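Asker: next one to model:
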Amino acid sequence: MARYELIATTAFGLESVVARELKLLGVEPTQTHNGYVEFSGDERTVVNANLWLRSADRVLLKMGQFHAETFDELFEGTKALPWPELLPKDARFPVEGRSVKSVLHSVPAVQSIVKKAVVDGLKRQYKLEVFPETGALYSIEVSLLKDEALITVDTSGTALHKRGYRKLTAAAPIKETLAAALVSLSYWRPHRPFADPMCGSGTIAIEAALMARNMAPGLKRDFASEMWSFIDPGTWQRGRQEARAAARPDVEVDIVASDIDPSVLSLAEYHARQAGVGDCVNIVQRDVRDFVPQGPYGCVVTNPPYGERLGEIRENQQLVRDMGKVFNAFDTWSVFVIAADPEFEKFYGRKANKKRKLYNGRIQTNYYQYLGPLPPLKRDADGSLDSAP
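Answerer: The predicted structure follows:
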């Protein structure tokens, strides 16, 4: 099989999470940048990355990278890339662009030049002047950063946070990819209780359940590269079969998703069923102030409301005070909260053991991590210690 240079894009702050997910797939990242991780692989790697990456936004095929301060440099650099090896003569290849701190700052002009260069690169191969663009989708992106042009083609199509289970929405929903990353950063394991006491439409708890049962997040959706001519459909079929076989539907978990608002709980129940984890996410109507953990050594991961108007901000600050009083009383539990208020710790009443800057959409937040003790080590049947956190 041919080898390809690939990129997994992600929200700022989650690059290390995506790199760890790649390693779990047996793929060694080659470089990590702000907002994306580079790696290489064959057709199977393209398939598995799309099916299994939980915290990445997209999987891109890297066509090339070069310096471009003029439109001529951009045109010739793009034209020289091996487009006939990728694009069939009926391919649809729209071009999206962005430019940051670059001489070529007009995005429409950059897109137009790249489109013309790709067409010019295909003409010699297919002996055509006009391409019909009626076939499979090959979305091209040109990204200019400090006059360095990065040309990629999107293998995912719809962004990877679109798992296929969240067909209804609540106000300000958290993306599935960010929710999965929050769970991953908590280092929670299925043998510990898990709770999201402000669950909204249930995304964090559902992503925890999918991880606990080793269910591939991309199994319920399609990908643009499934229609690409150079990837054997059998490769996709085998990838999906292996993903289904890897699931552990019998894993017992204690996951509680609760919220004070009954209207969002109906969404949470629906989404859990759609995701295939309706039997292991216990959905309860309850105020966070009434939260009582079931058993020791559990883990809270939650995304409380942020608020923008003065009244909402004050109300949310009081909510954080109440959260602190509730959660700090349970000394064996770990608590992880993503919040936009830079004074969160002041109102919570305790400094976090760790905090990490993340972006929830375009909102800058911190992920506050209050670390409780790990469960005592248990001995397996063979007498060895089980050291899972």
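Asker: any idea of the pLDDT on I363?
Answerer: You'll see I363 listed with a pLDDT of 91.
Asker: look up phi and psi at it.
Answerer: phi -90, psi 120 (degrees, to the nearest 10).
Asker: so what touches the helix or strand hosting W236?
Answerer: Assigned by DSSP states H and E, W236 belongs to helix 233-246. Residues from elsewhere that reach helix 233-246 (C-beta atoms under 8 Å, 6 or more residues apart in numbering): 43-44, 47-48, 51-52, 214, 216, 218-219, 226. Where C-beta positions appear, they are placed from N, C-alpha and C, glycine not excepted.
Asker: so which of these are in helices?
Answerer: Residues of these located in helices (DSSP state H): 43-44, 47-48, 51-52.
Asker: now render these as TSV, adding distance to E315, pLDDT and neighbour count.
Answerer: Below are the ones in helices among the contacts of helix 233-246 laid out as TSV (distance: C-beta to C-beta, whole Å; pLDDT from 0 to 100; neighbours: other C-beta atoms under 10 Å):
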residue	distance to E315	pLDDT	neighbour count
E43	52	96	20
R44	51	97	18
V47	47	98	27
N48	45	98	22
L51	41	98	21
W52	40	98	22
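Asker: return the member of these nearest to V130.
Answerer: Nearest to V130 among the ones in helices among the contacts of helix 233-246 is E43, at 30.4 Å by C-beta to C-beta.
Asker: which ones are touching the closest one?
Answerer: 1-2, 230-232, 235.
Asker: how much space separates it from D232?
Answerer: Between E43 and D232 the distance is 7 Å, computed by C-beta to C-beta, to the nearest Å.
Asker: quick check: phi and psi at the closest residue to Q294 other than its chain neighbours.
Answerer: Spatial nearest neighbour of Q294, excluding adjacent residues (C-beta to C-beta, 6 or more residues apart in numbering): P193 at 5.7 Å. In terms of degrees, to the nearest 10, the main-chain angles of P193 are phi -60, psi 150.
Asker: ok, P193 - how many residues close by?
Answerer: P193 has 18 neighbouring residues, counting by other C-beta atoms under 10 Å.
Asker: right, and it touches C299 too?
Answerer: Yes - P193 is within contact range of C299, at 7.1 Å (criterion: C-beta atoms under 8 Å).
Asker: low-confidence ranges, the stretch 101-250 of the chain, go.
Answerer: Counting by pLDDT under 70, the stretch 101-250 of the chain shows low-confidence ranges at 168-172.
Asker: scratch that, the stretch 251-389 of the chain is what I was asking about
Answerer: 307-311, 378-389.
Asker: let's go with 90 and repeat that
Answerer: Scanning the stretch 251-389 of the chain for pLDDT under 90 picks out the ranges 293-294, 305-315, 361-362, 374-389.
Asker: can you pull out the helices in the protein?
Answerer: Counting by DSSP H, the helices of the chain are 15-24, 43-52, 71-79, 83-86, 107-126, 176-186, 203-212, 233-246, 262-275, 310-327, 344-348.
Asker: just name the most buried of those helices.
Answerer: helix 203-212 (a mean of 27; mean count of other C-beta atoms under 10 Å).
Asker: just how off-centre is it within its chain?
Answerer: Relative to the mean C-alpha coordinate of its chain, helix 203-212 is positioned 13 Å out (C-alpha atoms, centre = their mean, to the nearest Å).
Asker: next one: stretch 127-144
Answerer: Centre-to-centre, stretch 127-144 and its host chain are 27 Å apart (C-alpha atoms, centre = their mean).
Asker: got it, and stretch 245-257?
Answerer: 20 Å.
Asker: for stretch 13-26, same thing?
Answerer: On C-alpha atoms, centre = their mean, the centre of stretch 13-26 falls 11 Å from the chain's centre.
Asker: and if you look at stretch 36-44?
Answerer: On C-alpha atoms, centre = their mean, the centre of stretch 36-44 falls 16 Å from that of its chain.
Asker: give me every residue that touches the residue lying closest to M227 once chain neighbours are set aside.
Answerer: In this structure, M227 finds its nearest non-sequential neighbour in A136, 3.8 Å apart by C-beta to C-beta, 6+ apart. Contacts of A136 were listed using C-beta under 8 Å, 6+ apart, and they are 88, 90-92, 224, 227-229.
Asker: report the beta-bridge partner residues of R92.
Answerer: Judged by DSSP bridges, the bridge partners of R92 are L137.
Asker: I misspoke; the intended subject was V100.
Answerer: L145.
Asker: pretty sure it sits against V142.
Answerer: No - in this structure V100 lies outside contact range of V142 using C-beta under 8 Å: 12.0 Å.
Asker: ok, those two, which is more surrounded?
Answerer: Using other C-beta under 10 Å as the criterion, V100 and V142 rank with V142 on top: 25 against 9.
Asker: does the more buried one really touch V118, like I thought?
Answerer: No - judged on C-beta under 8 Å, V142 makes no contact with V118 at a distance of 10.0 Å.
Asker: which residues do these two both contact?
Answerer: Counting by C-beta under 8 Å, 6+ apart, the shared contacts of V142 and V118 are 78, 95.
Asker: coming back round to it: closest one of the contacts of helix 233-246 to D331?
Answerer: Closest approach between these and D331, by C-beta to C-beta: N214, at 30.9 Å.
Asker: what's the burial count for the closest one?
Answerer: 14.
Asker: kindly report the same for N360.
Answerer: Neighbour count for N360, taken as other C-beta under 10 Å: 19.
Asker: any idea how far T203 is from it?
Answerer: 12 Å.
Asker: overlap in contacts, those two.
Answerer: Here N360 and T203 have 174-175 as joint contacts, going by C-beta under 8 Å, 6+ apart.
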